[in-house]
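K.L.:
the sequence and its predicted three-dimensional model are supplied below.
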Amino acid sequence: MAQTHSAKICLVGDMLAHGGAERAHAALSRYFAGMGIEVHNIIVQDVIAYSYAGELLNLGKEKDDANGFTNKFRRLRILRSYVKRHRFDYIIDFRMRRKPLQDWLISKFVFTVPTIYTVRSSNIDWYMPRRSWLTRAIYGKSYGVVALNDKMKRHIEKCHGLKNVATIYNPIDAEYIAARLHESPPTEAFRYIIAAGRLSDDNVKQFDKLIEAYAVSELPSNNVRLMILGQGVLFAKLQKLADWLGLQDKIVFKGYQENPYVYMRDALFFVLSSRFEGMPNVVLESLACGTPVVAFDCFTGPSEIVEDGRNGLLIKDQDFAELTRGINRMYDDNALYARCKANAAGSIEKFSLENVGQAWLDYLKIKANGYSNY
């Protein structure tokens, strides 16, 4: 029988700000620490906005302006030394992994303890090479690969033949969100619907098409605005689109907000118009704030969160005319809206930090008192 000892986990991420993977990383660090587990966090970019628990190695502070080979190799040595010194029971990797050679080297010579690689999007090319033999070489003998939902799990298995894929949902820390909701009274004097995400050049969130769908809906003429939270390279382009449509006074660009929950709380409803997702945290967060959702049934995520007609509306994937009709329906149908709003917060219990955290403990074979049987 393996000897029990206090568990020690290292969570590795790109940063601790902006995105769903980063929120999950921060929330799990708090949960693990609360369970008596020694938690360490490693981030590769010096960007921190989320509350986290445990020690922090910020490799972003070691990055110089040139970011040349010498500097990259130095950071890799720091990372390897840190992992070797602390002798973790587990490493959980939340990073995007788009450099196959670097990721192979890290998997073989740096992450030398049992490692779990998370996949956060249905666009699995962001996390593993297209060449299946290389994906299997990097991940096939790891402790495991964790997908955010069963559809994504099956997709990974079909594409790459991995046998060690499991499903664990994104966690929502309802207590943390509730505390943040009390930080501000109503933020705006006007009525609005809301969308949120990075305004990145890959345009996964399709805010341009959302603006167009909103423009032909009933909402502008009823003085209901569209608020977009997020920042990125498309910010100016989206503003120009709003101006061109004559909606500069109807579309509100709030940029990145450290506390998005107060804006979600006060919105009529949230709209998700993405090309694809993983398990969209913004949908879970909006529901946690008591705000219904109108979402594309994209691959993957929304169908496991949104119960059509109960806490929101699921819209035929990529049908923007149908999205406009869904926006109108959520606005016009008072009975539907009242039902979805009443059910919103209670509909996400299975995604609670307690339930998802316990799923991680079970997966890692760690007891609730923070002791590992590994």
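P.N.:
All right, it came through fine. Residues are numbered from 1 along each chain as shown.

K.L.:
name the helices or strands packed onto the helix or strand of the chain with the lowest mean pLDDT?
P.N.:
One helix or strand of the chain scores below all others by mean pLDDT, DSSP states H and E: strand 371-372, with a mean of 70. The helices and strands touching strand 371-372, judged by 3 or more C-beta pairs under 8 Å, 6 or more residues apart in numbering; DSSP states H and E, are strand 5-6. (Each C-beta comes from the backbone N, C-alpha and C, glycine too.)

K.L.:
tell me the strands beside whichever helix or strand comes after the strand it packs on, with direction?
P.N.:
Using DSSP states H and E, the helix or strand that directly follows strand 5-6 along the chain is strand 8-13. Here strand 8-13 is paired, per DSSP bridges, with strand 38-43 (parallel), strand 90-93 (parallel).

K.L.:
could you list the low-pLDDT ranges of the stretch 151-300 of the chain?
P.N.:
The model of the stretch 151-300 of the chain has no residue with pLDDT under 70.

K.L.:
quick one: the strands in it?
P.N.:
165-167, 191-196, 224-229, 251-255, 270-272, 293-296 (DSSP state E, counting those that start in this stretch).

K.L.:
dump these into a markdown table; add distance to S122 as well.
P.N.:
Shown next, in a markdown table, are the strands of the stretch 151-300 of the chain (distance: least, C-beta to C-beta, whole Å):
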| stretch | distance to S122 |
| --- | --- |
| strand 165-167 | 13 |
| strand 191-196 | 19 |
| strand 224-229 | 22 |
| strand 251-255 | 27 |
| strand 270-272 | 14 |
| strand 293-296 | 12 |
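
K.L.:
which among the strands paired with strand 8-13 is found nearest to K254?
P.N.:
strand 38-43 (25.1 Å; C-beta to C-beta).

K.L.:
what's in contact with that closest one?
P.N.:
Outside strand 38-43, the residues that touch it by C-beta atoms under 8 Å, 6 or more residues apart in numbering are 6-16, 25, 29, 32-33, 52-60, 79, 82, 86, 88, 370.

K.L.:
please redo it, this time with the cut-off set to 7 Å
P.N.:
Strand 38-43 is contacted from outside by 6-16, 29, 32-33, 52-60, 79, 86, using C-beta atoms under 7 Å, 6 or more residues apart in numbering.

K.L.:
contacts for the helix or strand following that strand?
P.N.:
Next along the chain after strand 38-43, taking DSSP H and E as the criterion, comes strand 55-58. Strand 55-58 has contacts (C-beta under 7 Å, 6+ apart) with 40-43, 46, 82.

K.L.:
can you count the residues close to the closest residue to E218 other than its chain neighbours?
P.N.:
The spatially closest residue to E218, leaving aside those adjacent along the chain, is N328, at 5.0 Å (C-beta to C-beta, 6 or more residues apart in numbering). Number of residues near N328 (other C-beta atoms under 10 Å) recorded here: 15.

K.L.:
now N328: which helix or strand?
P.N.:
For N328, the host element (DSSP H and E) is helix 320-332.

K.L.:
averaged pLDDT, that helix. What do you get?
P.N.:
Across helix 320-332, the average pLDDT comes to 98.

K.L.:
again, but for stretch 113-133
P.N.:
Rounded mean pLDDT across stretch 113-133 is 95.

K.L.:
what does it rub up against?
P.N.:
By C-beta under 7 Å, 6+ apart, stretch 113-133 touches 20-21, 83, 88-94, 96-98, 100, 135, 139, 142-148, 152, 155-156, 159-161, 276-278, 299-300, 374.

K.L.:
list buried residues within those residues.
P.N.:
Using 16 or more other C-beta atoms under 10 Å as the burial test, the contacts of stretch 113-133 include 20-21, 83, 88-94, 97, 100, 135, 139, 142-148, 152, 155-156, 160, 276-278, 299-300, 374 as buried.

K.L.:
my guess is Y82 is in a strand, correct?
P.N.:
No - counting by DSSP: H, G, I helix; E, B strand; the rest coil, Y82 is not found in a strand; it is helix.

K.L.:
I'd say the residue nearest to E218 and S217 touch.
P.N.:
Yes - N328 is in contact with S217 according to C-beta atoms under 7 Å; the separation is 5.5 Å.

K.L.:
give me the neighbour count for K163.
P.N.:
Neighbours around K163, by other C-beta under 10 Å: 9.

K.L.:
could you do E183 as well?
P.N.:
E183 has 9 nearby residues by other C-beta under 10 Å.

K.L.:
same deal with K209?
P.N.:
K209, neighbours per other C-beta under 10 Å, totals 16.

K.L.:
surely it and S273 touch.
P.N.:
Yes - counting by C-beta under 7 Å, S273 is a contact partner of K209 at 6.2 Å.

K.L.:
residues in contact with V293?
P.N.:
269-270, 272, 283, 286-287, 306, 311-312.

K.L.:
so which of those sit within helices?
P.N.:
283, 286-287 (DSSP state H).

K.L.:
out of the buried ones among the contacts of stretch 113-133, which are inside helices?
P.N.:
Residues of those located in helices (DSSP H): 20-21, 83, 100, 135, 139, 152, 155-156, 160.

K.L.:
I'd like the next helix or strand past the helix holding N328.
P.N.:
Next helix or strand after helix 320-332 toward the C-terminus (DSSP H and E): helix 334-344.

K.L.:
what is that following helix packed up against?
P.N.:
Helix 334-344 makes packing contacts with helix 320-332 when contacts are defined by 3 or more C-beta pairs under 7 Å, 6 or more residues apart in numbering; DSSP states H and E.

K.L.:
no further queries at this time; thank you.
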